[in-house]
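In: the following block contains a protein sequence and its predicted model.
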Amino acid sequence: MLKEERLKLIMREVNLHNKVLSADLSRLLDVSEDTIRRDFKELIDAGKILKVHGGAVSPSFHFPHNMQSDVYARESKQIIAEKAKKLLKKDCTVLIEGGTTIIELAKAISNDLHATFFVLSPQVAIALSDRERLDVISIGGKLSRNSNVHTGASVINQLSEIKTDLCIIGANGLSVAEGLTDSDWEIVQVIKAMMRAAQKVAVLSISEKLNTTQRLKVCELHAVDYLITELPPDDPFLAPYKNSVELL
């Protein structure tokens, strides 16, 4: 594989999954980790990715409020946000994760909505803060630099003490066979606790992430109540999912 092709594939993985591990890319592209590290350096020097322990993240994911950042598939994520906000009812309680799609949802919420949001991401809390009718409660803990979400035992303990109407999370990998998956152990534990703390669970995901799998299991697909993508619910691409989850 030519270097240019390899760099394009690395960028696609970064854009899709927000964070990539050098070991995973080494296996995926069948090259050494030294080669991946050299590719990382070139992309870092070009300002296209940021180096983190064991891998790399997208600048738009790490700094979502930077208006100069190029958020991958922004239009698709805005479509998802418009669909997802229809789940938000007057006086509802919502538990919400982080990520670029969730940020778009936070920005799309009406100023007229009266609701309570429990938030694990500082960026999402800031995006919600100018909605005068919302009560925004931050659940604090150790801040994961890779995901900008609070993690750890204190977060899980706090989540065990609440029960919300709705939990809204993003997806790193989602498939019919493997369900919802992720690459970060601490994030997986937090998402599991979030799901236990809610009556309904909605997953927001661009369609490119469907039929992909990460190394760690979060849950089976049937544990999710709503799947929201940019595609119409009757799109043939979504047909394998319709028997396990409600498509919006």
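Out: Sure thing, it's come through.
In: which stretches of the chain form helices?
Out: Here the chain has its helices, by DSSP state H, at 3-17, 22-29, 33-45, 59-62, 74-84, 100-108, 122-128, 153-159, 185-196.
In: list the contacts for the most centrally placed residue in the chain?
Out: Compute the mean C-alpha point of the chain, and by C-alpha atoms, centre = their mean the closest residue is residue 170, 3.3 Å away. Residues counted as contacts of residue 170 (C-beta atoms under 8 Å, 6 or more residues apart in numbering) are 97-99, 101-102, 203-205. All C-beta atoms are positioned from the backbone trio N, CA, C, and that covers glycine.
In: ok, 7 Å please
Out: 97, 99, 101-102, 204-205 (C-beta atoms under 7 Å, 6 or more residues apart in numbering).
In: likewise for residue 169?
Out: 97, 191, 194, 203.
In: surely the third one touches residue 159?
Out: Yes: Residue 194 sits in contact with residue 159 when judged by C-beta atoms under 7 Å, with a separation of 6.1 Å.
In: how much space separates the closest residue to residue 99 other than its chain neighbours from residue 103?
Out: Among residues not flanking residue 99 along the chain, residue 170 sits closest, at 4.0 Å (C-beta to C-beta, 6 or more residues apart in numbering). Distance check for residue 170 against residue 103: by C-beta to C-beta, to the nearest Å, it reads 10 Å.
In: quick one: pLDDT of the closest residue in space to residue 100 that isn't next to it in sequence?
Out: The shortest distance from residue 100 to any non-neighbouring residue, by C-beta to C-beta, 6+ apart, is to residue 71 (5.2 Å). For residue 71, the pLDDT comes out at 81.
In: go on, the one 4 residues further on?
Out: We note a pLDDT of 95 for residue 75 in this prediction.
In: do residue 45 as well
Out: 89.
In: before we move on, what about residue 211?
Out: 95.
In: returning to what we had before: quick one: the residue nearest to residue 100 and residue 102 touch, right?
Out: No: using C-beta under 7 Å, residue 71 is not in contact with residue 102; the gap is 11.9 Å.
In: okay, those two: which has more neighbours?
Out: residue 102 (27 against 19; other C-beta atoms under 10 Å).
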